[in-house]
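Trainee: What follows is a protein structure lacking sequence information:
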């Protein structure tokens, strides 16, 4: 019962985040090609963030499949994750408007880093409550992607002060890494006799 | 199970897109009739986009009826469609503020073109997974509307540089073409013994 | 099946309309009482519109209870209603910023008038499909409130050019008239043996 | 039946409130550390309000568990609560932009005060309809937190004119007080034989 409303609320927040980001793309005043040039970095950062939110929604969706009951700490770990994700429209807009300058780019990476840590905490809480033998525990296994991502974000934040391009490339690569469909949970689900 | 959350998320995003567009109609500073004049093209582009999003919601709704299971590629094809639709508030505002000038109007058409291609890809993916004998495959048949629309958008984008009126008229006509209720899926549903 | 998604989409749009209206209350630049004075009409128009959207949500909710199946024309009559309601944040902000000046106030009334007509059309469509003996037909009876409202809006629009206060008062009175709980549908529901 | 749509609408509004608050964090124009300094109070007030909305969502969620039927007065008491909560993005932005100056801070407290009163009214209405022996009545017991909160808000509003820090601290403390998980309803639920 609890779980349905938690999913619905999370879906609502993620749907709003992914959609209001477009409000940060300010309408240009001109109507010629010159007016479009400053839009290029803005649209680039929009695309990147759209993909990130979509990945989080997708993974959150899969993780919630395995949840059987929601406790207070799971609920707040989830709200903590939504808090960091809710800052993405702001850092996306800031990074885009400043053409991927080092400081805004570092803040963008910081919000991604904190989101990945918040996701990891939520995962830990769920496993703790459902047992190390639970569906989710078996599904994530060693959780390589989840462990590498924060390290890559940290590296990107630092490298951005040397070259904006390296940092931007790392953010894009991490997104790409997650885009590869994560079939682990799906597979375990199919083979699990507990779950119909 | 998967399908319910996919529908809910898509509905959420479409509901937000259709509603935040109104935020692009900036409040005029005056309070006389002269203050209203620049609003005319803005409201016209708002009405056009409202109808387009409503059509997409309606068709998406019918298509999803036929879906029995959601795979990773269907999920991402759906997110790809939502990405292009999420840009509609931006191009709507830009076209409206610039009185349907050729370049913003061409970008408006470009976003419609990409949305229609994304819809077509999503349709293809669903049919591929559910078989060429599936409900959806039979329902869309030769899919004349779906095939003509991108061609018309492309034609409108080009003709806009000759006359803004022709392009605007084509966009309105395509919307009108889709407004005619698409009874194909509904009919097949009624005659389908598999589905109760 | 159809009905659930129609309700969910309408709820989503109404929830967004009622909430984004607050974005039209621009943050004042000062931090003293003088900075608050221009906010008074803005907040007044916000309160009025909040009540109107709440009434529409409430009545829509009751009306949908009686619906058993959704046809294409009901669906589009519903979208037509949502279109006019989606303009409320805009006219609310405009009327508030211009201290209930005649022209913005008349436009506010015009959007209310069109919304009430759209609601009436939706009601007619539902009754037409469900029969004049249907739950909704019996529930609304002579539908006095629904018939008086558009007349009062029309009167308010005209009288606003003589006195802004009369128009504002009429809008408030119509809202008050609807706030009185509409028990008709609830009562019929209780006595209806068809519906469990 | 009624209850599901009431919950869905409330969830929608709360999800939108918590997410659009980020739009009040205006993107800074510079890209160096100096551009960030004015953001500190803005982000602080954002964090505070995010926690408050999350607490309200959480408590609302628990309260609604105990509701068995929705009457007109419960519905309007709920809308009254949503009205005050809908003003939080506005007062959050205003307080943040003015560095927690006394007047905006007092208005922030006023909206919190009215929200807590609205919550208390909603609670009273539900208990009145479900009986003083109902689940909710037993769950809240003497309702110490609910009674202390408005008093603390009132005290904070007044003290803010002496020192902004005291007021800010009180708002943070009240939030902390509510963050401690409220297990009362959960416990009673487990022991209740009426509810499966």
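Mentor: Right, received. Where do you want to start? This is a predicted model, so every value here is computed, not measured.
Trainee: Point out where chain A drops to low pLDDT.
Mentor: Applying pLDDT under 70 to the predicted model, the residue ranges of chain A that meet it are A:1, A:181-196.
Trainee: Do you have the helices of it handy? List them.
Mentor: Along chain A, the segments classed as helices by DSSP state H run A:2-20, A:33-36, A:39-65, A:72-86, A:88-97, A:102-130, A:135-140, A:144-159, A:164-179, A:184-191.
Trainee: Give the full set of residues in contact with the spatially most central residue of chain A.
Mentor: With distances taken as CA atoms, centre = their mean, residue A:56 lies nearest the centre of chain A, 4.1 Å away. Neighbouring residues of residue A:56 by CB atoms under 8 Å, 6 or more residues apart in numbering or on different chains: A:14, A:85, A:115, A:119. For the C-beta atoms, the positions are set from N, CA and C on the backbone; glycine is no exception.
Trainee: Just among the residues you listed, which is most surrounded?
Mentor: Most neighbours among the contacts of residue A:56, by other CB atoms under 10 Å in any protein chain shown: residue A:85, with 27 neighbours.
Trainee: Now that one. Nearest residue, chain neighbours left out?
Mentor: With CB to CB, 6 or more residues apart in numbering or on different chains as the measure, residue A:115 is the residue that lies nearest to residue A:85, at 5.5 Å, once sequence neighbours are left out.
Trainee: again, but for residue A:170
Mentor: The shortest distance from residue A:170 to any residue that is not its chain neighbour, by CB to CB, 6+ apart, is 3.9 Å, and that residue is residue A:156.
Trainee: where's the one you found relative to chain B, distance?
Mentor: Relative to chain B, residue A:156 is positioned 23 Å away (CB to the nearest CB, to the nearest Å).
Trainee: cool, and residue A:164?
Mentor: The value you get for residue A:164 to chain B, if CB to the nearest CB is used, is 24 Å.
Trainee: Which residues of chain A lie near chain D?
Mentor: A:1-2, A:5, A:8-9, A:12-13, A:16-17, A:20, A:23-24, A:72-73, A:75-76, A:79, A:82-83, A:86-87, A:89-90, A:93-94, A:97-98, A:101-104 (CB under 8 Å from any CB of the partner chain).
Trainee: Name only those of the residues you listed that count as buried.
Mentor: Neighbour-count burial (16 or more other CB atoms under 10 Å in any protein chain shown) applied to these gives A:2, A:5, A:8-9, A:12-13, A:16-17, A:20, A:23-24, A:73, A:75-76, A:79, A:82-83, A:86-87, A:89-90, A:93-94, A:97-98, A:101-104.
Trainee: ok, the residue in chain A that chain B sits nearest to - contacts?
Mentor: Evaluated by CB to the nearest CB, chain A has residue A:15 as its residue closest to chain B, separated by 3.4 Å. Contact analysis of residue A:15 by CB under 8 Å, 6+ apart lists B:9, B:12, B:13, B:16.
Trainee: what about the closest residue to residue A:18 other than its chain neighbours, how many neighbours?
Mentor: Leaving aside its sequence neighbours, residue A:18 sits nearest to residue A:53 (CB to CB, 6+ apart; 4.4 Å). Neighbour count of residue A:53, defined by other CB under 10 Å: 21.
Trainee: Surely residue A:53 touches residue A:19?
Mentor: No: because the distance of 9.5 Å does not satisfy CB atoms under 8 Å, residue A:53 is recorded as not touching residue A:19.
Trainee: Quickly note the distance from the residue nearest to residue A:170 to residue A:109.
Mentor: In this structure, residue A:156 and residue A:109 are separated by 5 Å, where distance is defined by CB to CB, to the nearest Å.
Trainee: residues shared between the contacts of these two?
Mentor: Taking CB under 8 Å, 6+ apart as the contact rule, residue A:156 and residue A:109 both touch A:167, A:171.
Trainee: Show the contacting residues for residue A:103.
Mentor: When contacts are counted by CB under 8 Å, 6+ apart, residue A:103 touches D:31, D:32, D:33, D:36.
Trainee: try it again with 7 Å
Mentor: By CB atoms under 7 Å, 6 or more residues apart in numbering or on different chains, residue A:103 lies in contact with D:31, D:32, D:33.
Trainee: Residue A:5 now?
Mentor: Residues near residue A:5 by CB under 7 Å, 6+ apart: D:7, D:11, D:61.
Trainee: go again using 6 Å as the cut-off
Mentor: Listed by CB atoms under 6 Å, 6 or more residues apart in numbering or on different chains, the contact partners of residue A:5 are residue D:61.
Trainee: and if you look at residue A:159?
Mentor: When the contact criterion is CB under 6 Å, 6+ apart, the partners of residue A:159 are A:166, A:167.
Trainee: That one and residue A:148: what is the separation?
Mentor: Using CB to CB, one gets 16 Å for the distance from residue A:159 to residue A:148.
Trainee: Residue A:48 now?
Mentor: 18 Å.
Trainee: Looking at the two, which is more packed in?
Mentor: When neighbours are counted by other CB under 10 Å, residue A:48 comes out ahead of the other of residue A:48 and residue A:148, with 19 against 13.
Trainee: what's the distance between that one and chain D?
Mentor: Residue A:48 sits 16 Å away from chain D, taking CB to the nearest CB as the criterion.
Trainee: Please apply the same query to residue A:3.
Mentor: Applying CB to the nearest CB, one obtains 12 Å for the distance of residue A:3 from chain D.
Trainee: dump the residue contacts of that residue.
Mentor: Applying CB under 6 Å, 6+ apart, one finds that residue A:3 lies in contact with A:67, A:70.
Trainee: Over to residue A:25?
Mentor: By CB under 6 Å, 6+ apart, the contact set of residue A:25 is A:42, B:90.
Trainee: residue furthest from the geometric center of chain A?
Mentor: For chain A, the largest distance from the centre (CA atoms, centre = their mean) belongs to residue A:32, which lies 35.0 Å off.
Trainee: For it, give me phi and psi.
Mentor: Backbone dihedrals for residue A:32, given as degrees, to the nearest 10, come out at phi -120, psi 180.
Trainee: Tell me the spacing between it and residue B:103.
Mentor: Counting by CB to CB, the gap from residue A:32 to residue B:103 is 6 Å.
Trainee: Residue A:3 too?
Mentor: Separation of residue A:3 from residue B:103 (CB to CB) stands at 49 Å.
Trainee: cool, and residue A:141?
Mentor: Counting by CB to CB, the gap from residue A:141 to residue B:103 is 51 Å.
Trainee: residues contacting the closest residue to residue A:98 other than its chain neighbours?
Mentor: With CB to CB, 6+ apart as the measure, residue D:31 is the residue that lies nearest to residue A:98, at 4.1 Å, once sequence neighbours are left out. Under the criterion of CB under 6 Å, 6+ apart, the contact list for residue D:31 reads A:98, A:101, A:103, A:104.
Trainee: Repeat that for residue A:153.
Mentor: Residues in contact with residue A:153, defined by CB under 6 Å, 6+ apart, are A:109, A:112, A:113.
Trainee: related to what we said a few turns ago, so which of the contacts of residue A:56 is the closest to residue D:67?
Mentor: For those, the residue nearest residue D:67 by CB to CB is residue A:14; the value is 26.9 Å.
Trainee: and chain A, which residues reach chain B?
Mentor: Taking CB under 6 Å from any CB of the partner chain as the measure of proximity, chain A contacts chain B at A:11-12, A:15-16, A:19, A:22, A:25, A:27, A:31, A:50, A:54, A:61, A:181.
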